[in-house]
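Kindly generate the corresponding structure for this input.
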Amino acid sequence: MAVAQELYGTPASRLDSFVSQWLQPTRKWKEEVLEVVRTVEQFLRQEFFHWEQGLDQEVRVLKVVKVGCFANGTVIRGTTDVELVVFLSCFHSFQEEAKHHQAVLRLLRKKAYSCQDLLALGLNDLSVAQGVPDTLVFTIQARETEEPIGITIVPAYRVLGPSVPNSQVPPEVYVSLIKACGYPGNFSPSFSELQRNFVKHQPTKLKSLLRLVKHWYQQRARDIQLTVEQWGHYDLIIRMNPYESVMKVKEKIRQIRDYAGLQRLSFQEPGGERQLLSSHSSLAYYGIFSDTHICLLVTVSPEIQVFVKNPDGRSHAYAIHPYHLILGLKQRIEDRQGLPSKQQQLEFQGQVLQDWFDFASYGIQDSDTIILTKKAAEEALFPPR
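Purely as a prediction, here's the structure:
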C-alpha cells in the first residue's frame with residue numbers, strides 16, 4: 001500500500017521518476033527472467049515432434065513469439081509470468097488448429113517432461129490449463145534467485161505468414177477467421193504479433209502511461225467475495241483481489257482448511273462451459289470481477305479430475321483414478337445427484353463409456369469433460385463382451 005500512497009502523492013512532473021523508481025523492473029531481474037525464457041524457446045525450437053494416436057504428420061516449430069508485457073516493453077516490477085505463442089507447421093487453417101489443439105498440448109506436455117534443460121531448472125506444476133484458448137502452463141526457476149517463473153505456451157496457426165505485415169492485414173485473413181466459426185478469442189494468438197508490435201514501437205511516454213494504468217488497476221481493484229463450494233463440506237467464503245493469482249486463492253483455502261492434497265478450482269459462467277482455473281492466471285483473466293461461486297476438488301496423486309456435464313449444461317467435478325471402472329463414477333453420480341446408475345449414459349468424444357472399462361482405455365485425462373445423459377427406459381443394460 002505504501003507504493004499506492006506514493007503514487008497519489010506524486011505530482012505530474014515527477015511521474016516519470018515514479019515509474020522508474022517503483023514500476024520498472026531492474027535490468028538484472030529482467031535479464032534473469034528472459035534467460036529462463038530463452039531456455040524454453042530453445043526447447044521449443046530444437047524439438048521435432050511426431051503425432052500421437054489419430055495424427056499422421058511431423059510437427060515443426062515455425063516461430064516462437066514472446067507476447068504480453070515482457071515483449072512489448074510494459075512489464076511491471078515483480079511480474080514473473082511470461083507468455084509464448086508457438087506457431088506450428090501442422091496448422092494450415094483455423095479449423096485444423098481447433099481440431100488438433102488438444103493433441104498438440106498433450107504432445108508439448110509429454111516433450112517438456114523429458115527435456116533435461118527444463119528439469120534442471122526445477123520444472124513444476126506442468127499442466128494443460130483450460131481457458132480461451134487452452135494453454136500449457138508450468139513453472140521453472142530463475143538460476144540465481146531460484147524464484148518461480150510462470151510460463152504459458154499457446155500453440156497457434158501462423159495465419160499472417162513468415163513476416164508480420166506493417167500494412168493492413170489482407171481481408172482474406174479475416175474471411176477465413178469468420179468462416180472458422182470459433183469460440184470468441186480462441187484464435188487471437190494468431191494475431192498476437194500485431195498487438196505486440198503496435199505497443200512495442202510506441203514512445204516511452206506511452207509505455208510509462210500503460211505501466212501506471214496497470215499499477216492503478218492492481219492497487220484500486222476492490223476485493224470480491226468467492227464462495228468456495230466443495231462436495232461434502234460447508235461453503236467457504238473468502239475475499240480476494242481479482243488481479244491476484246489463482247495460486248493465492250488456493251493458498252488461502254489451504255491455510256483455512258489445512259489441505260495437503262492437490263487443489264483444483266473450477267468456474268462456470270451461466271450457459272457456458274466449466275473451466276479449470278490455472279494457478280498461474282488471475283481471476284480477472286477469466287473475467288471474474290464480481291462476487292461468484294467456484295468449485296473445489298482436492299485430489300491425491302495419481303488421481304485426476306474430470307468434469308461431468310449434465311443435460312442442463314451444468315458440470316460437476318469428480319476425482320477419479322485412471323484405472324478404475326466407469327461404473328464406479330456412475331455410482332458416485334447416483335450418490336451425489338440422485339440419478340440411478342442404470343439410467344445413466346456417459347459419453348466422451350462421441351464414444352459411449354461401458355461400465356466395465358476403465359478411464360485410461362478411453363484416453364480420458366485430467367480436466368476432460370464427460371457428457372451425462374439419461375437412458376431411454378427401454379434400453380437394455382449389458383456389460384461389453
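
what's the particular helix or strand that has residue 255 in it packed up against?
Counting by DSSP states H and E, the element that carries residue 255 is helix 246-257. Applying 3 or more C-beta pairs under 8 Å, 6 or more residues apart in numbering; DSSP states H and E, we find helix 246-257 packed against strand 236-240, strand 262-268. In this view, the C-beta of every residue, glycine as well, is placed from N, C-alpha and C.

now those in CSV, with mean neighbour count and distance to residue 121?
Output for these, formatted as CSV (neighbours: other C-beta atoms under 10 Å; distance: least, C-beta to C-beta, whole Å):
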stretch, mean neighbour count, distance to residue 121
strand 236-240, 14, 29
strand 262-268, 20, 22
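
can you tell me which of the ones you listed the model trusts least?
Per-stretch mean pLDDT for these is lowest at strand 262-268 (a mean of 87).

quick one: contacts of it?
228, 246, 249-250, 253-254, 274-277, 286, 288, 292, 294-301, 305, 307, 314-315, 317, 367 (C-beta atoms under 8 Å, 6 or more residues apart in numbering).

Pass me the low-pLDDT residue ranges in the stretch 251-385 of the chain, would you?
Counting by pLDDT under 70, the stretch 251-385 of the chain contains low-confidence ranges at 377-385.

can you map out the helices along it?
326-337 (DSSP state H, counting those that start in this stretch).

The stretch 101-250 of the chain too?
Under DSSP H, counting those that start in this stretch, the stretch 101-250 of the chain gives helices at 116-120, 171-180, 192-200, 204-220, 246-257.

Name the nearest residue to the residue positioned nearest the centre of the chain, sequence neighbours excluded.
Nearest to the mean C-alpha position of the chain, by C-alpha atoms, centre = their mean, lies residue 129 at 3.2 Å. Leaving aside its chain neighbours, residue 129 sits nearest to residue 278 (3.4 Å; criterion: C-beta to C-beta, 6 or more residues apart in numbering).

surely the one you found meets residue 136?
No - Residue 278 lies out of contact with residue 136 (C-beta atoms under 8 Å); the separation is 10.2 Å.

Report pLDDT for residue 156.
94.

Could you pull up the contacting residues of residue 282?
Counting by C-beta under 8 Å, 6+ apart, residue 282 has contacts 242, 243, 244, 245, 246.

re the thing from before, kindly reformat the helices and strands packed on helix 246-257 as TSV containing distance to residue 341.
Below are these laid out as TSV (distance: least, C-beta to C-beta, whole Å):
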stretch	distance to residue 341
strand 236-240	30
strand 262-268	23
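
Nearest to residue 113 among those would be which one?
When the helices and strands packed on helix 246-257 are compared for distance to residue 113 using C-beta to C-beta, the nearest one is strand 262-268, at 17.0 Å.

need the contact list for residue 82.
Counting by C-beta under 8 Å, 6+ apart, the residues that residue 82 touches are 33, 36, 37, 66, 68, 70, 149, 150, 151, 152.

partners of the residue lying closest to the first one once chain neighbours are set aside in the sheet?
In space, and not counting its chain neighbours, residue 33 is closest to residue 149: 5.8 Å by C-beta to C-beta, 6+ apart. Each beta-bridge partner of residue 149 is listed here, defined by DSSP bridges: residue 140.

okay but residue 149 is in contact with residue 78, surely?
No - in this structure, residue 149 is not within contact of residue 78 by C-beta under 8 Å, at 11.8 Å.

residues of stretch 185-193 that come out buried?
186, 187, 188, 189, 190, 191, 192, 193 (16 or more other C-beta atoms under 10 Å).

And for stretch 27-46?
29, 32, 33, 36, 37, 39, 40, 41, 43, 44.

What is the strand or helix carrying the third one packed up against?
This means residue 33. Take DSSP H and E as the rule and residue 33 turns out to sit in helix 27-46. Other helices and strands packing on helix 27-46, by 3+ C-beta pairs under 8 Å, 6+ apart, are strand 61-67, helix 69-72, strand 81-88, helix 116-120, strand 135-141, strand 148-156.

Now distance to residue 180 too, for those, in CSV please.
Below are the helices and strands packed on helix 27-46 laid out as CSV (distance: least, C-beta to C-beta, whole Å):
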stretch, distance to residue 180
strand 61-67, 19
helix 69-72, 25
strand 81-88, 16
helix 116-120, 32
strand 135-141, 19
strand 148-156, 13
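
Which among these is found nearest to residue 200?
That would be helix 69-72 among the helices and strands packed on helix 27-46, by C-beta to C-beta, at 4.6 Å.

where's the closest residue to residue 327 other than its chain neighbours relative to residue 7, distance?
Of all residues not flanking residue 327 in the chain, residue 355 sits nearest, at 4.0 Å (C-beta to C-beta, 6+ apart). Separation of residue 355 from residue 7 (C-beta to C-beta, to the nearest Å) stands at 61 Å.

do residue 84 as well
As it turns out, when the distance is counted by C-beta to C-beta, residue 84 lies 31 Å from residue 7.

Please identify which of these two sits among more neighbours.
Here residue 84 and residue 7 are compared on neighbour count by other C-beta atoms under 10 Å; more neighbours surround residue 84, at 23 against 17.

how close does the more buried one get to residue 116?
From residue 84 across to residue 116, the span is 19 Å (C-beta to C-beta).

Tell me which residues touch residue 292, please.
224, 225, 226, 227, 267.

so which of those comes closest to residue 338?
Using C-beta to C-beta, those come closest to residue 338 at residue 227, 22.8 Å.
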